[in-house]
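Asks: sequence-free structure coming up:
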């Protein structure tokens with residue numbers, strides 16, 4: 001589910017800062033991400049997939065996996081257009097249907113697919129401010145949970161030693177991944193810094209090595225939001241020394257953010273300088289990766305806060321080009337918005353681009369003006385999910 005990473009940035013074209021430095025309230029470390037296409041295009045493709053799924057030509061598990069994948073995306077489209085009630089109902093219908101369908105075919109792996117829409121309901125809760133409800137939902141997914149089964153909408157799903165329908169990993173491993181990362185995101189998005197530090201402190205001694213960087217990043221944000229800039233700076237600097245590649249770039253960016261929060265603008269800019277200069281030296285393929293583009297967009301925003309419009313413009317142009325190639329409409333809008341305030345060489349172009357994208361988009365978070373009615377393609381996709389999952 002989508003959420004705003006930070007408060008809007010306000011700048012004049014000269015680069016004068018009118019927005020207080022802050023840290024991005026989301027995880028920036030690289031993770032698998034899907035392109036957020038224009039909603040009507042995305043919905044058309046998903047509706048076609050749903051219409052073409054044929055139970056007679058697919059195994060039960062293949063059919064369930066195809067429907068579940070499409071339904072999860074359609075519920076994401078619903079919340080993206082601002083229809084949280086529709087999204088929640090589709091998630092409930094999908095989860096119930098997957099459990100029924102799995103029972104009919106005696107396939108526990110099909111039943112396990114119901115966990116994803118159930119988790120998506122927790123993401124909706126977090127997005128609407130009910131972070132405590134989201135964390136309570138996720139608690140049963142933890143590898144330290146004493147329960148071997150998860151209760152999904154009143155149905156028990158065994159998660160110990162079961163395999164998923166999608167990959168040869170245990171369901172418990174997949175569930176624990178969701179528990180850690182989604183709990184962190186719920187707390188970050190709702191600015192629960194104190195709860196975040198307690199969560200990190202509780203998990204750090206027993207959590208696997210693969211999660212430690214995410215816990216460190218969350219702790220950096222929490223300390224910064226609590227006004228402990230010095231502690232945040234220390235954590236960011238030490239974390240950067242333990243990793244390499246894009247994760248190191250993330251922690252260096254966190255260091256620049258926390259230095260700026262502490263009003264140490266010159267040191268922040270010194271840290272950001274090698275980040276701003278890295279773009280021409282990395283491969284085009286790496287720059288086009290959506291996780292990397294999000295990192296560069298945040299770097300561009302920090303550069304703007306530091307009254308460094310040249311670096312902000314250079315980074316944001318790379319993001320806009322990469323997001324356009326990937327078809328990620330929200331990231332195109334974010335970068336165009338920034339460019340319309342910092343790129344003094346082409347203000348008219350970026351202002352027109354920003355206005356056009358904001359007027360055309362169906363993403364409620366990014367649209368300017370009145371809420372637009374859902375397109376026929378979106379309504380069809382939502383209706384198809386409801387119909388299939390009510391059978």
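Replies: Good, I have the coordinates. Computed from a predicted structure; not experimentally measured. Numbers count the residues shown, from 1 in each chain.
Asks: C-alpha from now on. contacts and neighbour counts both.
Replies: OK.
Asks: where in the protein is the helix or strand with the lowest mean pLDDT?
Replies: helix 284-288 (a mean of 72; mean pLDDT, DSSP states H and E).
Asks: next helix or strand past it?
Replies: Using DSSP states H and E, the helix or strand that follows helix 284-288 in sequence is helix 290-305.
Asks: mind listing what's buried in the least confident helix or strand of the chain?
Replies: Buried residues in helix 284-288, counting neighbours by 16 or more other CA atoms under 10 Å, are found at 287, 288.
Asks: mind giving me the packing neighbours of it?
Replies: helix 309-326 (3 or more CA pairs under 8 Å, 6 or more residues apart in numbering; DSSP states H and E).
Asks: could you give me the average pLDDT of the helix it packs on?
Replies: Here helix 309-326 scores 93 as its mean pLDDT.
Asks: count residues in the vicinity of residue 224, would you?
Replies: 23 (other CA atoms under 10 Å).
Asks: now the element after the helix or strand where it lies, going C-ward?
Replies: Assigned by DSSP H and E, residue 224 belongs to helix 212-225. Going down the chain from helix 212-225, the next helix or strand is helix 229-240, by DSSP H and E.
Asks: that next one to helix 212-225, inter-axis angle?
Replies: 160 degrees (axes from the mean of the first three to the mean of the last three CA atoms, to 10 degrees).
Asks: now helix 229-240: how far from the chain's centre is it?
Replies: Taking CA atoms, centre = their mean, to the nearest Å, the mean C-alpha location of helix 229-240 is offset from the chain mean by 24 Å.
Asks: just stretch 93-109 next, same as before
Replies: 28 Å.
Asks: cool, and stretch 262-279?
Replies: The answer for stretch 262-279 is 25 Å, by CA atoms, centre = their mean.
Asks: not counting it itself, show me its contacts.
Replies: Stretch 262-279 has contacts (CA atoms under 8 Å, 6 or more residues apart in numbering) with 229-230, 249, 252-253, 255-260, 287, 299-300, 303, 306, 311, 314-315.
Asks: and it, which residues are buried?
Replies: 262, 265, 268, 269, 271, 272, 275, 276, 279.
Asks: equivalent analysis for stretch 137-157, please.
Replies: Residues of stretch 137-157 classed as buried: 137, 138, 139, 140, 141, 142, 143, 149, 150, 152, 157 (neighbour count, 16+ other CA under 10 Å).
Asks: what is the burial count for the closest residue to residue 54 other than its chain neighbours?
Replies: Excluding the flanking residues, the one nearest residue 54 by CA to CA, 6 or more residues apart in numbering is residue 63, at 7.4 Å. Number of residues near residue 63 (other CA under 10 Å) recorded here: 17.
Asks: let me see the contact set for residue 63.
Replies: 53, 54, 55.
Asks: tell me the one of the buried residues of stretch 137-157 nearest residue 22?
Replies: Nearest to residue 22 among the buried residues of stretch 137-157 is residue 138, at 28.1 Å by CA to CA.
Asks: so which helix or strand takes in that closest one?
Replies: helix 131-139.
Asks: just the pLDDT for the most far-flung residue of the chain relative to its centre.
Replies: Within the chain, the residue lying farthest from the chain centre (CA atoms, centre = their mean) is residue 56, at 35.8 Å. On the pLDDT scale, residue 56 is placed at 85.
Asks: cool, and residue 224?
Replies: pLDDT, residue 224: 96.
Asks: could you list every helix and strand in contact with the helix or strand hosting residue 111?
Replies: Per DSSP H and E: residue 111 is located in helix 108-112. With contacts taken as 3+ CA pairs under 8 Å, 6+ apart, helix 108-112 sits against helix 60-80, helix 84-105, strand 155-158.
Asks: return the set of buried residues in that helix.
Replies: For helix 108-112, by 16+ other CA under 10 Å, it's 108, 109, 110, 111, 112.
Asks: run the chain-centre distance for it.
Replies: Per CA atoms, centre = their mean, the centroid offset for helix 108-112 relative to its chain is 26 Å.
Asks: before we move on, what about stretch 59-75?
Replies: For stretch 59-75, the distance to the chain centre is 21 Å (CA atoms, centre = their mean).
Asks: return the set of buried residues in it.
Replies: Of the residues in stretch 59-75, 60-65, 67-75 count as buried by neighbour count, 16+ other CA under 10 Å.
Asks: give me the contacts around the least confident helix or strand of the chain.
Replies: Residues from elsewhere that reach helix 284-288 (CA under 8 Å, 6+ apart): 279, 292, 293, 318, 322, 323, 325, 326.
Asks: stretch 118-138 too?
Replies: Contacts for stretch 118-138 (CA under 8 Å, 6+ apart): 1-3, 84, 88, 91-92, 95, 152-153, 178-179, 182-183, 186-187, 189-190.
Asks: now do it, average pLDDT.
Replies: Here the average pLDDT along stretch 118-138 is 96.
Asks: how long is it from one end to the other?
Replies: Terminal residues of stretch 118-138 lie 10 Å apart, using CA to CA, to the nearest Å.
Asks: next structured bit after the helix holding residue 111?
Replies: Next helix or strand after helix 108-112 toward the C-terminus (DSSP H and E): helix 115-127.
Asks: how far is that following helix from where the chain is centred?
Replies: Counting by CA atoms, centre = their mean, helix 115-127 comes out at 13 Å from the chain centroid.
Asks: and the angle for that helix with helix 84-105?
Replies: 160 degrees.
Asks: quick one, helix 115-127 and helix 60-80 angle?
Replies: 10 degrees.
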